[in-house]
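# Quick one, what's the 3D model for this:
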Amino acid sequence: MRFMMIVKHAENQGPPPKALMDEIAKLGDQETKSGTMLGSGGLTSTAMGARVRVSRGKVTVTDGPFTEAKEVIGGYAQFELKSKQEAVEAAVQYMELHKKYWPGWEGETEVRQMFAPGEMPPHR
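Presented below is the predicted three-dimensional model:
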């Protein structure tokens with residue numbers, strides 16, 4: 001089963017501590033070597049981004065920053081794992097690193113199963 005981990009937090013919390021990034025790199029290397037992590041990455045601030053929206057039949061583009069955003073997606077990872085429980089355990093391990101190496105940081109990792117076109121799972 002393929003899962004997407006989406007890390008969300010308040011914008012402008014400053015750069016992550018080097019010790020945290022070093023530990024995330026170690027964890028990422030382990031997960032990549034084991035074949036469970038398919039890809040990952042961090043995202044720049046919304047000030048460097050844009051939103052493309054369709055509304056009422058019109059496509060509009062809005063450049064960042066997005067001041068109305070209470071939280072932003074700061075990064076992501078894709079995993080191939082056996083179950084949702086295994087995916088949640090991986091997310092807990094990742095968040096434990098944040099707790100240990102970035103005291104005071106607050107955020108969340110959303111765990112979502114992925115599917116390919118034609119593989120739409122049933123809604124629950």
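# C-alpha only now, for contacts and for neighbours.
Fine.
# low-confidence ranges in the protein?
For the chain, applying pLDDT under 70 flags the ranges 121-124.
# Look up phi and psi at the closest residue in space to residue 48 that isn't next to it in sequence.
The shortest distance from residue 48 to any non-neighbouring residue, by CA to CA, 6 or more residues apart in numbering, is to residue 64 (6.1 Å). With angles defined as degrees, to the nearest 10, residue 64 sits at phi -70, psi 170.
# which ones are touching the nearest residue to residue 3 once chain neighbours are set aside?
Of all residues not flanking residue 3 in the chain, residue 113 sits nearest, at 4.3 Å (CA to CA, 6+ apart). Residue 113 sits next to 1-4, 84 when contact means CA atoms under 8 Å, 6 or more residues apart in numbering.
# Please determine how far residue 113 is located from residue 74.
19 Å (CA to CA, to the nearest Å).
# residue ranges for the helices of this protein, please.
18-34, 84-101 (DSSP state H).
# Tell me the buried residues in the last one?
What it means is helix 84-101. 87-88, 90-91, 94-95, 97-98, 101 (16 or more other CA atoms under 10 Å).
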